[in-house]
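A.B. asks: with the sequence up front, the predicted model follows.
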Amino acid sequence: MHNLAQLNGAALRVFGFDFNAARRDRRGDRACLSNWKNGHLCPETGAPAQRPVMRYDGPWFSTAIQAGTTMNKIVDNNVNGQVVPSNIRYTCEEFPARSFIEGGVGLTGASAASTRCVGMSCAPAGTVPIVKSEQNWQGFAHQNLRNELEAVVTDAQWGFPAFDNTNDVVLFQWATITSVNGVAAKVSIYYLFEL
């Protein structure tokens with residue numbers, strides 16, 4: 001078994017992906033409460049400062065919220081008298097993610113995940129082009145991570161026949177790699193053992 005301390009210069013951390021949806025939601029909902037938007041000011045004002053809001057077409061021009069918004073909608077842009085809707089709003093993002101057993105409030109309920117304001121699509125159905133933002137990409141990446149982990153542990157040749165995809169936890173190593181390549185989120189699997 002190979003133990004990689006780094007992958008392409010990025011430090012690796014071990015997390016457990018939780019296949020139990022009820023546990024996942026219970027942990028996450030306690031970190032990002034349903035009334036979070038009523039008591040958490042966005043954009044972030046403390047340290048670290050609010051990062052630029054990313055959309056499918058790059059960073060949005062502002063991190064400010066729309067005047068009079070009741071849903072943390074990020075301000076629209078006005079370009080030469082033409083209103084360009086942001087079609088994104090702030091939502092609560094927790095790390096570690098609720099999909100990980102370490103995420104949300106953790107296994108014992110005593111951990112405190114870091115929460116931040118990040119963008120998510122709030123575009124009306126049928127909006128063209130389709131607007132996506134950080135929360136959308138993260139959801140996509142976590143679903144792909146789940147699919148890849150499940151494929152590994154259920155592989156007929158060297159998988160785990162007793163694996164329960166509604167209750168088990170799969171350990172994995174996580175690295176955050178930032179790259180300017182036009183790809184919002186990507187899941188790459190590197191096998192750390194001999195086949």
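C.D. replies: Great, that's in hand. Note that this is a predicted model, so its numbers are computed, not measured. Residues are numbered from 1 along each chain as shown.
A.B. asks: give me the element the residue nearest the centre of the chain is part of.
C.D. replies: When C-alpha atoms, centre = their mean is applied to the chain, the residue found nearest the centroid is Gln138 (3.4 Å). For Gln138, the element it lies in under DSSP states H and E is helix 134-153.
A.B. asks: follow the chain on from that helix and name the next helix or strand.
C.D. replies: Moving toward the C-terminus from helix 134-153, the first helix or strand encountered (DSSP H and E) is strand 169-174.
A.B. asks: how far is that next one from where the chain is centred?
C.D. replies: 16 Å (C-alpha atoms, centre = their mean, to the nearest Å).
A.B. asks: same question, stretch 18-30
C.D. replies: Distance, centroid of stretch 18-30 to centroid of chain: 14 Å (C-alpha atoms, centre = their mean).
A.B. asks: how about the strands in this protein?
C.D. replies: Assigned by DSSP state E, the chain shows strands spanning 6-7, 10-11, 13-18, 54-55, 58-59, 77-79, 82-84, 88-95, 114-121, 169-174.
A.B. asks: of those, flag the one that's most buried.
C.D. replies: Of all the strands of the chain, strand 88-95 carries the top mean neighbour count, a mean of 22, counting by mean count of other C-beta atoms under 10 Å. To be clear about C-beta, it is placed using only N, CA and C from the backbone, and glycine gets the same treatment.
A.B. asks: compute the inter-axis angle for it and strand 114-121.
C.D. replies: Strand 88-95 and strand 114-121 meet at an angle of 150 degrees, taking axes from the mean of the first three to the mean of the last three C-alpha atoms, to 10 degrees as the criterion.
A.B. asks: for strand 88-95, which outside residues touch it?
C.D. replies: With contact meaning C-beta atoms under 8 Å, 6 or more residues apart in numbering, strand 88-95 is reached by 28, 31-33, 36-37, 40, 42-43, 53, 55, 60, 65, 69, 71-74, 103-104, 113-123, 131, 133-135, 138.
A.B. asks: same question for it, mean pLDDT?
C.D. replies: Mean pLDDT, strand 88-95: 92.
A.B. asks: now the strands of the chain in a markdown table, with distance to Leu149?
C.D. replies: Shown next, in a markdown table, are the strands of the chain (distance: least, C-beta to C-beta, whole Å):
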| stretch | distance to Leu149 |
| --- | --- |
| strand 6-7 | 17 |
| strand 10-11 | 19 |
| strand 13-18 | 5 |
| strand 54-55 | 26 |
| strand 58-59 | 31 |
| strand 77-79 | 39 |
| strand 82-84 | 39 |
| strand 88-95 | 19 |
| strand 114-121 | 23 |
| strand 169-174 | 5 |
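A.B. asks: test my guess that Thr127 contacts Asn87.
C.D. replies: Yes. Between Thr127 and Asn87 there is a contact under C-beta atoms under 8 Å: 6.1 Å.
A.B. asks: before we move on, back to that, lowest average pLDDT across the strands of the chain?
C.D. replies: Mean pLDDT per stretch puts strand 6-7 lowest among those, at a mean of 48.
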